[in-house]
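Asks: Test case, fold it:
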Amino acid sequence: MKLLSMFLILILFVQAFVVLEVSSASDAANSVSQEDAGGDYGGMLKKHYTRTINCKYSCARRCSKSSRKNLCHRACKSCCSKCHCVPPGTYGNKNLCPCYAKLKTHGNRPKCP
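Replies: Numbers count the residues shown, from 1 in each chain. Model prediction:
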């Protein structure tokens, strides 16, 4: 009987240690960037959130040198709402936002400015 009670106490201590370790790891995962979260847990603690981006501001910056601003803004906002990213600068840099670069029109031309 004494051996059984010691075994149960040992199990409770191990369980408390594991819960403490996981909770401290989840706090650390929340404070670290999304790419670095998870550590030794194989990505189980990663939380996947859609990135929030101010499409109006990003598209205004992207289309600032466009000759057809209204057309550029309309296309950019459509792409931004689907991809949740806008490449930096006024032209090019589409490799930094692959989804933005892959969107095509019905005529198989690039949709996003």
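Asks: Please make it C-alpha for all contacts and neighbour counts, starting now.
Replies: Noted.
Asks: Now stretch 72-87: average pLDDT?
Replies: The pLDDT scores in stretch 72-87 average 92.
Asks: who touches that stretch?
Replies: Residues outside stretch 72-87 that contact it (C-alpha atoms under 8 Å, 6 or more residues apart in numbering): 50-53, 55-56, 58-60, 62-63, 66, 93-94, 96-97, 99-100, 103, 111-113.
Asks: check which helix or strand covers Tyr100.
Replies: helix 98-102 (DSSP states H and E).
Asks: ugh, typo on my part, it should be Thr52
Replies: Secondary structure assignment for Thr52, by DSSP H and E: no helix or strand.
Asks: hang on, the earlier thing: are any of the contacts of stretch 72-87 buried, and if so which?
Replies: Neighbour counting with 16 or more other C-alpha atoms under 10 Å marks Cys55, Ser58, Cys59, Ala60, Arg62, Cys63, Lys94, Cys99, Tyr100, Lys111, Cys112, Pro113 as buried within these.
Asks: for this structure, which spans come out with low pLDDT?
Replies: In the prediction, the chain carries residues with pLDDT under 70 at positions 19-51.
Asks: who's in contact with Gly89?
Replies: Contact partners of Gly89, counting by C-alpha under 8 Å, 6+ apart, are Arg61, Arg62.
Asks: one more time with 7 Å
Replies: Contacts for Gly89 (C-alpha atoms under 7 Å, 6 or more residues apart in numbering) come out as Arg62.
Asks: same question, the one 10 residues further on
Replies: With C-alpha under 7 Å, 6+ apart as the criterion, the residues that contact Cys99 are Cys83.
Asks: Please report how far the residue with the largest distance to the centre of the chain lies from Phe13.
Replies: Distance from the centre of the chain peaks at Met1, with 53.0 Å (C-alpha atoms, centre = their mean). As for Met1, its distance to Phe13 is 19 Å (criterion: C-alpha to C-alpha, to the nearest Å).
Asks: Helices of the chain, start to end?
Replies: In the chain, the segments counted as helices under DSSP state H are 2-31, 55-62, 69-83, 98-102.
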